[in-house]
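Q: Quick one, structure for this:
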Amino acid sequence: MNADLYGKTVLVTGGGSGLGAALCHTLAGAGANIIAADLRAEAAQAVAERVRTLGGRCSACALDVGDEARVAGAIEEAVAQYERLDVVINNAGTDVTLPFDELKVEDWHRIVATNLTGPFLVSRYAVRAMKIRAGSCEPGGHIVNIASTAAKRAWPNASAYHATKWGLLGLSHALHAELRPHRIKVTAVIAGGMRTPFLLERFPEIDVGALQDPADVAAAVKSVLLLPENTVVPEIMVLPMRESSWP
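A: Alright, predicted model coming up:
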């Protein structure tokens, strides 16, 4: 374990599996205090226990990112527990793979609530905590939004997912422009296909060899977080060498 991020507090949404779990492990290994937040409390707790077993610092948080009251409470709890909030990673995501005319309105609302409203709410309350730190002349913080190649191009049967990921990319760049004066960095991560339950459970016939290990994307996120205070990367694309959804 190294201590590149020692003393930093990082909240990871969707931290109970896939990329979220990889982020928790990678950033805890760099010395950060991790809050693994997930809709599934038991999944978040399992990740937190594994991180602690390996010598990292990690707590679990049951969180529906589309629930404003719960988001506000989670941010408040994080600051109370660690006395600071340095990084939030908006990673929670969901999708329904259906043709556009078969997509139910309730599914549309659920996907938008998780993939777009969630990052808005988490960022909104995190920014308030980060601005207080920036006002004390400390670095303000860093918001990382996990987007997808789905934010750059489109394919069939994923209309709600594309709409939210394109929206998340726009939100991320808008926050980058607005929050820089407050010394708050914002980075959008365009992640290519990963070997995670999100893909493998929905597409069992997918070529696993064409996908990347989520730990590789987590390593890229870590590298962005370790940049000098006067440098920000507003957008980074991380693809497997055999990426099929991007040229």
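Q: Find the centremost residue of this structure, please.
A: Note on the chain: the residue nearest the mean C-alpha position is Asn91, at 2.4 Å, using Cα atoms, centre = their mean.
Q: Contacts only, for that one.
A: The contact partners of Asn91, by Cβ atoms under 8 Å, 6 or more residues apart in numbering, come to 12-15, 19-20, 23, 146. All C-beta spots, glycine's among them, are computed from the backbone N, C-alpha and C.
Q: all strands of the chain, in order?
A: Under the criterion DSSP state E, the chain carries strands at the ranges 9-13, 33-38, 57-62, 87-90, 141-146, 184-191, 235-238.
Q: Would you tell me which helix is longest in this protein?
A: When the chain is parsed with DSSP state H, its longest helix is helix 159-179.
Q: Just the CA coordinates for the helix-or-strand element of the chain with minimal mean pLDDT, please, in CSV.
A: Ranked by mean pLDDT, DSSP states H and E, the helix or strand of the chain with the weakest confidence is helix 197-200, at a mean of 78. Provided in CSV are the C-alpha atoms of helix 197-200 (Å, rounded to 0.1, in the frame of the first residue of the first chain):
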residue,chain,number,x,y,z
PRO,A,197,-21.8,-7.3,-13.9
PHE,A,198,-23.4,-4.2,-15.6
LEU,A,199,-22.3,-5.6,-19.0
LEU,A,200,-21.8,-9.3,-18.4
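Q: Quick one: list the elements packing against it.
A: Counting contacts by 3 or more Cβ pairs under 8 Å, 6 or more residues apart in numbering; DSSP states H and E, helix 197-200 packs against no other helix or strand.
Q: redo that, cut-off 10 Å
A: Under the contact definition 3 or more Cβ pairs under 10 Å, 6 or more residues apart in numbering; DSSP states H and E, helix 197-200 sits against helix 18-29.
Q: can you state the direction angle for the helix it packs on and strand 33-38?
A: 170 degrees (axes from the mean of the first three to the mean of the last three Cα atoms, to 10 degrees).
Q: how about low-confidence regions in the protein?
A: In the predicted model, the chain carries pLDDT under 70 at residues 1-3, 134-137, 244-247.
Q: For the residue lying farthest from the centre of the chain, give me its contacts.
A: Centroid-distance maximum for the chain: Asp101 at 29.5 Å, with Cα atoms, centre = their mean. The contact partners of Asp101, by Cβ atoms under 10 Å, 6 or more residues apart in numbering, come to Ser159.
Q: now the one 3 residues further on
A: By Cβ under 10 Å, 6+ apart, the contact set of Lys104 is 96, 98, 110.
Q: can those go into a markdown table with extra columns for distance to Met194 and neighbour count?
A: Supplementary listing: the contacts of Lys104 in a markdown table, determined by distance: Cβ to Cβ, whole Å; neighbours: other Cβ atoms under 10 Å:
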| residue | distance to Met194 | neighbour count |
| --- | --- | --- |
| Val96 | 19 | 17 |
| Leu98 | 22 | 15 |
| Arg110 | 22 | 16 |
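Q: In helices, which of those fall?
A: Using DSSP H, the members of these that fall within helices are Arg110.
Q: mind checking how far Thr13 is from Asp101?
A: Distance from Thr13 to Asp101, counting by Cβ to Cβ, to the nearest Å: 31 Å.
Q: Gly140 too?
A: Between Gly140 and Asp101 the computed distance is 45 Å (Cβ to Cβ).
Q: Gly170 now?
A: Separation of Gly170 from Asp101 (Cβ to Cβ): 26 Å.
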